[in-house]
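**Q** Here you go, sequence then predicted model.
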Amino acid sequence: MSTSTTADFRTRLQDWLPKVVLAPSFAVILLFVYGFIAFTVVLSFTGSKMLPKFDFIGFTNYAKLFALQHWTTAVVNLAIFATLYIAISMAVGLMLAIFLDQKIRGEGLLRPLYLYPMALSFIVTGTAWKWFLDPGIGLEKTMHLWGWESFHFTWIKDSDMAIYTIVIAAVWQTSGFVMAMFLAGLRGIDNEILKAAQIDGASNWQLYRRIVIPMLRPAFLSAFVILFHLAIKSYDLVVALTGGGPGRATELPATFMYSYTFTRNQMGIGASSAVIMLMTIAAIMVPYLYSELKEKP
Amino acid sequence: MAQVQLKNVVKKYGAVGVVHAINLDIAEGEFVVLVGPSGCGKSTTLRMVAGLEDISGGEVIIGDRVVNDLPPRERNLAMVFQNYALYPHMTVRENLGFSLKIAKRPQAEIDRAVDEAAGILSLTPLLDRKPGALSGGQRQRVAMGRAIVRHPDVFLFDEPLSNLDAKLRTQMRVEIKKLHQRVGSTVIYVTHDQIEAMTLADRIVIMRDGHIVQVGTPLEVFENPVNTFVATFIGSPPMNLLEGVIRAGQVVLADGTAIPQPPGLNVAEGRKVQLGIRADNIMPEGHALPPTAHMAFVEMPVILTEPLGTETLLYATLSGTEMQAKMLNPRPVSAGERMRFGIALDKCHLFDAETGNSLRG
């Protein structure tokens, strides 16, 4: 009798324990992630300035937002940055993965080497590249010291070119990670399929172009989704590397959102820009997650 | 179509030899099966012919070209792989036409070739599906279709049926044989299944440890195995082997049972031998063993029976060795029953006990 009650208690405990242990973090996430997302959405419909107020003014903030020259700059910068960043990261990552897949010696050493930048925070990357690209102390200075006096590389000080320095730093940081994803995809391809294609007469180029790259489609999709949301979220890299400057040359929606919400006392407009960013990411993530979760019943 | 020659072909991985100086001539249009246990070097040999493995020594000649240094695509051959190796992102039609598309043939020609191959292999209703939506047998047919579309000089098959269930395997075996009769190309086929080898081959090449043990037509290797390895590998159930010593023209077993040695053999007195008897040549007395002048009789206790319908397989012990015998026109036999068995001596084999080589000169 007593043993059966203890057994009952044990099974009940086994049922409940995971839920009990997970409950605090679940509650915290619910409040601080989803709660504050909801709070931000609410704020975006109010006339909040420095502090939250709850005077609802409809879509006025959104109308103001899209009329702002500043926001347009940020969106155009994002378009340039995201396109180049995603395209170049994928191209470089794919190339590295293909090179690394040629059964070369020292692969075990090279792979983590390419992955290391991903382990750094964007702040570190941004600061390091700021110094490296600074004409007074970095690459240009070094070239001059080595005697290449005519060398000129001042993109970071040039308001037309500064956005591309952000692309360079971001690509440096993530292409190793993209490489790892593509490498996993490449390793997943059945070797016999490649041999069959060779016998079918495919040259190396045709092999990659017609067999390997089409078969990497899932890896491309995952890489795209990850890079896309990283691009939209890019904040710390810009702050560390250029601080949004020179002028507003490297302003992105994330830095715009921060400055309007917290430094310019335009919390309502800042919140509406945050909502727009959230919706942009959701537009990519929701269909992706839906298709991913659907495939595995 | 082309003939294929292997001249002293060697494959080494570092210092380890996998294939040791193999010589083989395959005639135009011939269906040759390489058979042997796993690790015998048969697949490696095939891959060297295909160009998927480097050749460490010797020459592979297809037609009249030495192809050692040619990449696979310049050898004009087609290969069917064990796990089909279809391109999963292409439809059946694209899979079939891939090689021609790569070769930049006109679209009309590709369509014609694909339709023809699909017709031969009854793939026409499946042309717009992707490999993921096909059954194992259908995938196998697509893999074969991809091979015949190209009209290659040589077909290579690498254990193409081992992923199929038994029934489908029998069916595909027939299809492969029909295909060969229809296309008439040279075929090199690798398998570990001796039944596939027997049923498909014009000639069987039996390999072990990187060496060719015997080459011959299915009946030659069945009737005249050169050693005990071939004798037990080819034929089902495997040949019974009895250890004994030659005394006065008889094989004397360990327990003293004496069986006259097979006729036409001259073996020195006192030599240690193995007497090979196939299950078909040892049958219970009165159970339809064709009468011959050379019969011997032994009595054995039956330990197990396997009724197969038209015949029953009897397991019995003789001199401590487990024997398998066939019983045609079966009747119920209980375990432990002692029965008298007749042996057709003229169908038996003698092997040297140490080397395992046949003593039938």
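**A** Thanks, I have it.
**Q** which helices and strands does the helix or strand where residue A:285 lies pack with?
**A** Assessed by DSSP states H and E, residue A:285 sits inside helix A:267-295. The helices and strands touching helix A:267-295, judged by 3 or more CB pairs under 8 Å, 6 or more residues apart in numbering or on different chains; DSSP states H and E, are helix A:36-44, helix A:60-67, helix A:217-233, helix A:253-258. Just so you know, the C-beta spots here come from the backbone N, C-alpha and C atoms, and that holds for glycine as well.
**Q** how about a markdown table for these, with mean pLDDT added?
**A** What follows is those, written out as a markdown table (pLDDT from 0 to 100):
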| stretch | mean pLDDT |
| --- | --- |
| helix A:36-44 | 88 |
| helix A:60-67 | 82 |
| helix A:217-233 | 87 |
| helix A:253-258 | 87 |
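**Q** returning to that earlier point: how far does the helix holding residue A:285 sit from the chain's center?
**A** Between the centre of helix A:267-295 and the centre of its host chain there is 13 Å, according to CA atoms, centre = their mean, to the nearest Å.
**Q** Okay, buried residues for it please.
**A** Using 16 or more other CB atoms under 10 Å in any protein chain shown as the test for burial, helix A:267-295 gives A:267-277, A:280, A:288.
**Q** For residue B:199, give me its contacts.
**A** Applying CB atoms under 8 Å, 6 or more residues apart in numbering or on different chains, we find residue B:199 in contact with B:173, B:177, B:218.
**Q** what about the second one, helix or strand, and which?
**A** This points to residue B:177. Per DSSP H and E: helix B:166-183 holds residue B:177.
**Q** any idea which strand is longest in chain B?
**A** Counting residues, the longest strand found in chain B (DSSP state E) is strand B:295-307.
**Q** so what does that strand touch, helix or strand wise?
**A** strand B:258-260, strand B:311-318, strand B:338-344.
**Q** If you average the pLDDT over the first one, what comes out?
**A** Same thing as strand B:258-260. Across strand B:258-260, pLDDT averages out at 87.
**Q** Give me the distance from that strand to the chain's centre.
**A** On the basis of CA atoms, centre = their mean, strand B:258-260 is displaced by 32 Å from the centre of the chain it belongs to.
**Q** Just after that strand, pick out the following helix or strand.
**A** As assigned by DSSP H and E, the chain's next helix or strand after strand B:258-260 is strand B:272-277.
**Q** Check which strands are paired with the helix or strand just after that following strand and give the direction for each one.
**A** Sequence order places strand B:282-284 as the next helix or strand after strand B:272-277, per DSSP H and E. Sheet pairing here is set by DSSP bridges, and for strand B:282-284 it gives strand B:338-344 (antiparallel).
**Q** Let me see the mean pLDDT of the strand it pairs with.
**A** Confidence over strand B:338-344 (mean pLDDT, whole number) is 88.
**Q** Now the element after that strand, going C-ward?
**A** Next along from strand B:338-344, by DSSP H and E: strand B:349-352.
**Q** Can you spell out which helices and strands pack onto that following strand?
**A** Checked by 3+ CB pairs under 8 Å, 6+ apart, strand B:349-352 has helix B:228-233, strand B:272-277 packed alongside it.
**Q** give me every residue that touches the residue most central in space within chain A.
**A** In chain A, the residue lying closest to the centroid (CA atoms, centre = their mean) is residue A:230, at 1.3 Å. Each residue near residue A:230 by CB under 8 Å, 6+ apart is listed here: A:85, A:170, A:174.
**Q** what number of residues lie near the residue nearest to residue B:194 when sequence neighbours are not counted?
**A** Once flanking residues are discounted, residue B:194 sits nearest to residue B:234: 5.2 Å by CB to CB, 6 or more residues apart in numbering or on different chains. For residue B:234, the neighbour count with other CB atoms under 10 Å in any protein chain shown is 23.
**Q** any idea how far residue B:262 is from residue B:234?
**A** Plainly put, residue B:234 is 19 Å away from residue B:262 if you go by CB to CB, to the nearest Å.
**Q** Same question for residue A:256.
**A** Distance of residue A:256 to residue B:262, given as CB to CB: 98 Å.
**Q** Same drill for those two, tell me which one is more crowded.
**A** Neighbours were counted for residue A:256 and for residue B:262 using other CB under 10 Å; residue A:256 has more, 28 against 23.
**Q** Give me the pLDDT for the nearest residue to that one once chain neighbours are set aside.
**A** Counting by CB to CB, 6+ apart, the nearest residue to residue A:256 once its immediate chain neighbours are dropped is residue A:74, at 4.3 Å. On pLDDT, residue A:74 comes in at 87.
**Q** now do residue A:4
**A** pLDDT, read off for residue A:4, is 64.
**Q** what's the answer for residue B:323, then?
**A** pLDDT, read off for residue B:323, is 91.
**Q** Ramachandran angles for it?
**A** For residue B:323, the backbone dihedrals (degrees, to the nearest 10) come out as phi -120, psi 150.
**Q** now do residue B:155
**A** Per-residue torsions, residue B:155: phi -100, psi 130 (degrees, to the nearest 10).
**Q** Quick check: it vs residue B:80, distance?
**A** Using CB to CB, residue B:155 is found at 7 Å from residue B:80.
**Q** got any residues that touch both of those two?
**A** Counting by CB under 8 Å, 6+ apart, the contacts common to residue B:155 and residue B:80 are residue B:147.
**Q** Kindly report the domain assignment for chain A.
**A** Chain A breaks down by automatic domain parsing into domains covering A:1-44, A:61-295.
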